[in-house]
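**Student:** pasting the sequence and the predicted model now:
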Amino acid sequence: MKIGFVGLGHMGAPMARNLLKAGHSLTVFDVVQLNVDALKAAGASAAISPARAASEVELLVTMLPSSPHVKTVYLDQDGVLSGVARGVTLIDSSTIDPHTAREVADRAARHGNSMADAPVSGGTGGAEAGTLTFMVGGSFEVFEQIAPVLRQMGKNIVHCGESGTGQVAKICNNLLLGISMIGVSEAMNLGTALGIDAKVLAGIINTSSGRCWSSDTYNPYPGVMDNVPAARGYTGGFGAELMLKDLTLALDAAKLSKQPVVLGALAQQLYQMFSSQGAGGQDFSAIINLYRQKP
């Protein structure tokens, strides 16, 4: 297929490369020229704007940092909708709020384009390996159309419902993830402060009722697990600043729907405090350092 791809950051670039490896013809755009040059070297063609990236393609994918970026890329004068032909399906894999996802999809529909919100889980490692999970919001007909392409970038492709529900799934999952990581951090810190070995405590939690992904797969306590950010000074993985962004999206959505998210609000404040201390670039599991006594 002829595919346009806008947004070649840490996630978008490896996703685009996997589409090239699958044999698609790619036209790409990014505001960072070095990112564009790297994809050109891999075989893609470069466009000078989102509108040009969207012209003369059969499908368009975007992977952008935030809701304002998505609105700009799709709706501005040189945006996607000013250049894309009617009938071309649009996929936005950014993590944004459901309201914006539905607003942009509605504008696309009025232009004659079906659109799916398809945020991902799996991090940069999953993007590189092509093992991402895609949470897709949109009609089932659009889902069936785009699923074969998404499978060339991911392993688990889930239809969540109508427009915006992909974003709902993503922010609800990460709301729980942020809360659970803080809970594990509190428990691990308390246990070691009271004298139990961290590995022994983690082993008990991971075979008992406290078991969760934040403990048995991504434990935040140094020395408990290998090949996790806690084993390498909290580098790599999913940044605390990104967790703060997703928790803020969840709180904003909760406010619009008048739903209480008491623990989510506390988690958001803790990550905001952590980020304000200059730790936003560390992995989100480094939140445990808010609890650990300084030597």
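**Tutor:** Okay, I see it.
**Student:** all helices of this protein, in order?
**Tutor:** 12-21, 33-41, 50-54, 67-75, 80-83, 98-111, 123-129, 140-150, 165-193, 198-205, 213-216, 240-257, 262-274 (DSSP state H).
**Student:** nearest to Met225, out of these?
**Tutor:** Nearest to Met225, of all the helices of the chain, is helix 198-205, at 7.7 Å by CB to CB. Backbone N, C-alpha and C define where each C-beta goes, glycine included.
**Student:** and for stretch 54-61, what's in contact with it?
**Tutor:** 1-6, 15-16, 19, 27, 47, 53, 80-81, 83-85, 88-93, 146, 149 (CB atoms under 8 Å, 6 or more residues apart in numbering).
**Student:** any of those residues buried? List them.
**Tutor:** Among these, those buried by neighbour count (16 or more other CB atoms under 10 Å) are 3-6, 15-16, 19, 27, 47, 53, 80-81, 83-84, 88-93, 146, 149.
**Student:** mind listing what's buried in stretch 209-217?
**Tutor:** Result for stretch 209-217 [16+ other CB under 10 Å]: buried residues Gly210, Cys212, Ser214, Ser215, Asp216.
**Student:** can you get me the start-to-end distance on that stretch?
**Tutor:** Length of stretch 209-217, first residue to last, CA to CA, to the nearest Å: 15 Å.
**Student:** quick one: residues in contact with that stretch.
**Tutor:** 177, 180-181, 183-184, 187-188, 202, 205-206, 220, 228, 285.
**Student:** same check on stretch 246-262?
**Tutor:** Contacts of stretch 246-262 with the rest of the structure, by CB under 8 Å, 6+ apart, involve 67, 95-99, 167-168, 170-172, 174-175, 178, 264-265, 267-268, 271.
**Student:** care to break this protein down by domain?
**Tutor:** Domain segmentation of the chain under automatic domain parsing yields 2-162, 168-290.
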